[in-house]
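Enquirer: Sequence first, then the predicted structure, then my questions.
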Amino acid sequence: MHNEHDHIVKRYDDEQARLSDEIQRMGAMSVAQLEAALDVIERRDDNAAARIIANDEAIDALEHEVSQDVMKLALRGPMATDLRIILAALRIASDIERVGDYAANLAKRSMALNTAPPMPQVRGLYALGRLAAQQMRDVLAAYRELDADAAQRVRERDTELDLQYTALFRELLTYMMEDARAITPCTHLLFMAKNLERIGDHATNIAENVWFLIHGEELMPPRDKRDDSSTTVV
């Protein structure tokens, strides 16, 4: 009987490890998609943008796989800690899938942007994108290492991303008001900047789920949000 129990526990651990690996793979794909999207925005490459959009299906397929594996684990009658692992995995996979969507959306808008002359504000967008990609990389490492403090640091750094987003938002609005021809490309850049700000929010969600995975319902320390673009007056 004891051997049977050990066998079940071992198999359960193997499935948990597989789930974690799948999420890491999915996370790495979403970050690669984001970085590729930032690259095509800079290079103004429509063909590469189209490939990024097509690649999004692979991330969606992996999220489906994670959901299936989570169901298998859930049906084993898990204890509270295992339920936390399952819940966190589902939520994190969902956030990663949204990041992949935003990366594909950036690639789509880059193609629209390529029909207009190059914009100087692309540099600010690129800097914002690098920050969002770093947040994702750091939070995926926190999940892999089960490091609650690292997750909390990612969450705190979201303020920096919000501040950069708001600064870029104001710059784009000012530019649009000064030059009517800039309105269409600036509108695309505004949406792209918002996508990057949302990727930062998803990194924060993942950080909160890593904290939940380790500490359960114990609340994370409070933090301030600094995206005040909705109240911006030019």
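Expert: Ah, there it is. Numbers count the residues shown, from 1 in each chain.
Enquirer: now the helices: where do they sit in this structure?
Expert: For the chain, the helices defined by DSSP state H occupy 2-43, 46-74, 80-113, 122-145, 148-178, 183-215.
Enquirer: Could you save the ones you listed as JSON lines and add columns showing mean pLDDT?
Expert: Output for those, formatted as JSON lines (pLDDT from 0 to 100):
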{"stretch": "helix 2-43", "mean pLDDT": "83"}
{"stretch": "helix 46-74", "mean pLDDT": "92"}
{"stretch": "helix 80-113", "mean pLDDT": "92"}
{"stretch": "helix 122-145", "mean pLDDT": "97"}
{"stretch": "helix 148-178", "mean pLDDT": "96"}
{"stretch": "helix 183-215", "mean pLDDT": "96"}
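Enquirer: okay, those helices in a markdown table with mean neighbour count next?
Expert: (Glycine included, C-beta is placed from N, CA and C.) A markdown table is the format used below for the helices of the chain (neighbours: other Cβ atoms under 10 Å):
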| stretch | mean neighbour count |
| --- | --- |
| helix 2-43 | 16 |
| helix 46-74 | 16 |
| helix 80-113 | 21 |
| helix 122-145 | 20 |
| helix 148-178 | 18 |
| helix 183-215 | 22 |
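Enquirer: Out of those helices, the one nearest P222 is which?
Expert: helix 148-178 (10.4 Å; Cβ to Cβ).
Enquirer: Tell me which other helices or strands that closest one touches.
Expert: Counting contacts by 3 or more Cβ pairs under 8 Å, 6 or more residues apart in numbering; DSSP states H and E, helix 148-178 is packed against helix 122-145, helix 183-215.
Enquirer: mind checking how far the longest one is from the chain centre?
Expert: Using Cα atoms, centre = their mean, to the nearest Å, the distance from the centre of helix 183-215 to the centre of the chain it belongs to is 6 Å.
Enquirer: Could you list every helix and strand that that helix packs against?
Expert: Judged by 3+ Cβ pairs under 8 Å, 6+ apart, the packing partners of helix 183-215 are helix 80-113, helix 122-145, helix 148-178.
Enquirer: can you check the shortest one too?
Expert: Using 3+ Cβ pairs under 8 Å, 6+ apart, the elements in contact with helix 122-145 are helix 2-43, helix 80-113, helix 148-178, helix 183-215.
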